[in-house]
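Engineer: For reference, the sequence and a predicted model appear below.
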Amino acid sequence: MKDLNDGGVLVVGCGRMGGALLDGWIAQGLQPASLWIEDPHPGDRLLALAAQGAHVNAPRPARPAVVLLAVKPQMMAEVLAGLAALPADVPVLSVAAGVSLQQYGAALGDRPIIRAMPNTPALVGRGITAIIGNDHAGPGHLALATRMFSAVGEVVALEAEAQIDAVTAISGSGPAYLFLFAEALEQAARALGLPEALARQLARGTVGGAAAMMVASGRDAAELRREVTSPAGTTAAALAVLMRPDGLPDLIAQAAEAARDRSVALGQ
Ligand SMILES: NC(=O)C1=CN([C@@H]2O[C@H](COP(=O)(O)OP(=O)(O)OC[C@H]3O[C@@H](n4cnc5c(N)ncnc54)[C@H](OP(=O)(O)O)[C@@H]3O)[C@@H](O)[C@H]2O)C=CC1
Ligand SMILES: O=C(O)[C@@H]1CCC=N1
C-alpha cells in the first residue's frame, strides 16, 4: 500500500462495491488520509472515513497514484467526462460491468486503463477479481492492480476482454446466487415446520460451512456432493428433484446467460 499511501487514491463512486474494496484496502493498511472519495450522498461509512482524514467530495489531488471508478455503468459517461483533465500517466481502474476498454479510451484518451470485475466477498478478504488492461497498461500497471485486488482476495488475469462479460455473470453476480440459495433453504426449513430462528441458523450454517469446506479441502464440488449422498438415502431423494433436466444446473445456466447478455447490453 506504500505507493498508494504516498500518491493517494481517487475513488469515484463509493456504494456497495467501492465501499467493500475500500474497507478491504483500509484493513490492509491504506490510510484514510490518502483517499479522495467522490459520492453524491455520503453515508455513515464515508462520514466515518472523513472523520479519520479521508477527503470526501473535496478538490482532487493533481496526480493520484490511481483512480478507481465504482459507479454504475449508466453513470459512467458523465463521470468520464469529468475526468478528461487527469494527467495521462495516471492509471484508471474500473469495476463497472459492461463498459469496454474502447469506451474508456474514447473518453479518457491514451492512458493505462484496467477493467476489473471483483465481487462483494472482498469485504471479508475473500473476493475474486478478474482483470484485463488496455494496450497502455504495462506490467507495472497490471502488477499494481493485482496487488490492490490481492489485498481483498484472489486475482485472475484474463486473456481477452471478451471474457469479462462471462466472468461478470459467474463471479461478479455469483454471490447473489448463493445468497438466494441460502434464502431458499431457510424458507424450505420454515415450510417443513421448523421455527424461524432455527431455520435461519441451519441455512446459514450449512451454506457457510459447505463453502468453507469446499475451499479448505480444495476438492471437487461434485466429489463432496457424492460423499453426502448415501445410496437410496435422503440426499438422493432431494437431488433427484434438483438435478432433473429443468432443475438447478439448467436454471443456473439460464441465469448466467441472462447476466452475461445484460453485461453485453450495458456496454452498448
Ligand atoms: N455490487 C456488486 O456486487 C458489484 C458491482 N460491480 C460494479 O460496481 C459498480 C458499482 O456498483 P454498486 O457498488 O453495486 O452500486 P452502488 O449504487 O451501490 O454504488 C455506486 C455509487 O456511486 C454513486 N454515484 C452516482 N453517481 C455518481 C457520480 N457522478 N460521482 C460519484 N459517485 C456517484 C452512487 O450514489 P447514489 O446511490 O447516491 O446515486 C453510489 O453510492 C457498478 O458499475 C457495478 O457494475 C462490480 C462487481 C460486483
Ligand atoms: O448486478 C450488477 O450489475 C453488478 C455487476 C456484478 C455484480 N453486480
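Structural biologist: Good, I have the coordinates. Ligands and ions are numbered 1, 2, ... in the order given.
Engineer: what's the pLDDT at Tyr267?
Structural biologist: Just to correct that, residue 267 is Gly rather than Tyr. pLDDT for Gly267: 83.
Engineer: Give the burial count for it, as a bare number.
Structural biologist: Neighbours of Gly267 under the rule other CB atoms under 10 Å: 16. From N, CA and C alone the C-beta is placed, and that goes for glycine too.
Engineer: As a check, name the ranges of all helices in the stretch 1-150 of the chain.
Structural biologist: 2-7, 16-27, 44-51, 76-81, 101-108, 139-150 (DSSP state H, counting those that start in this stretch).
Engineer: Determine which stretch of those helices is the most buried.
Structural biologist: Sort the helices of the stretch 1-150 of the chain by mean neighbour count, taking mean count of other CB atoms under 10 Å, and helix 16-27 sits at the top with a mean of 21.
Engineer: any idea of the mean pLDDT for that one?
Structural biologist: 90.
Engineer: Flag every residue of this protein that's near ligand 2.
Structural biologist: Taking CB under 6 Å from any ligand atom as the criterion, the chain approaches ligand 2 at residues 97, 168, 172-173.
Engineer: Let's see that with 5 Å instead.
Structural biologist: 97, 172-173 (CB under 5 Å from any ligand atom).
Engineer: who wins for proximity to Ala258 among the helices of the stretch 1-150 of the chain?
Structural biologist: Closest approach to Ala258 among the helices of the stretch 1-150 of the chain (CB to CB): helix 16-27, 20.1 Å.
Engineer: how close does Glu161 get to ligand 2?
Structural biologist: Glu161 sits 16 Å away from ligand 2, going by CB to the nearest ligand atom, to the nearest Å.
Engineer: Please tell me I have it right and that residue contacts Ile114.
Structural biologist: No. Counting by CB atoms under 8 Å, Glu161 stays clear of Ile114, with 10.7 Å between them.
Engineer: shared neighbours of those two, which are they?
Structural biologist: Here Glu161 and Ile114 have Ile132 as joint contacts, going by CB atoms under 8 Å, 6 or more residues apart in numbering.
Engineer: Give me the more crowded residue out of these two.
Structural biologist: Counting neighbours by other CB under 10 Å for Glu161 and for Ile114 shows that Ile114 has the greater number, 25 against 14.
Engineer: Enumerate every residue touching the more buried one.
Structural biologist: Contact partners of Ile114, counting by CB under 8 Å, 6+ apart, are 91-94, 131-134, 137, 141-142, 145.
Engineer: And the furthest pair within the residues you listed?
Structural biologist: Going by CB to CB, the pair spanning those furthest: Ser94 and Leu142, at 14.3 Å.
Engineer: How much space separates Gln102 from Glu161?
Structural biologist: Distance from Gln102 to Glu161, counting by CB to CB, to the nearest Å: 9 Å.
Engineer: And for Ala182?
Structural biologist: In this structure, Ala182 and Glu161 are 33 Å apart, going by CB to CB.
Engineer: My read is that Leu69 contacts Met75, right?
Structural biologist: No. Leu69 lies out of contact with Met75 (CB under 8 Å); the separation is 9.5 Å.
Engineer: Name the residues contacting each of those two.
Structural biologist: Common neighbours of Leu69 and Met75 (CB under 8 Å, 6+ apart) are Gly13.
Engineer: Just want to know which of the two has more residues nearby.
Structural biologist: Legend: neighbour count by other CB under 10 Å for Leu69 and Met75, higher for Leu69 (25 against 14).
Engineer: Need the per-residue pLDDT for that one.
Structural biologist: 97.
Engineer: Also Lys72?
Structural biologist: Among the per-residue scores, Lys72 shows a pLDDT of 95.
Engineer: show me the contacts for it.
Structural biologist: Contacts for Lys72 were tallied using CB under 8 Å, 6+ apart; they are 13, 96.
Engineer: Point me to the residue of this protein nearest ligand 2.
Structural biologist: The minimum distance from the chain to ligand 2, using CB to the nearest ligand atom, falls at Gly172 (3.2 Å).
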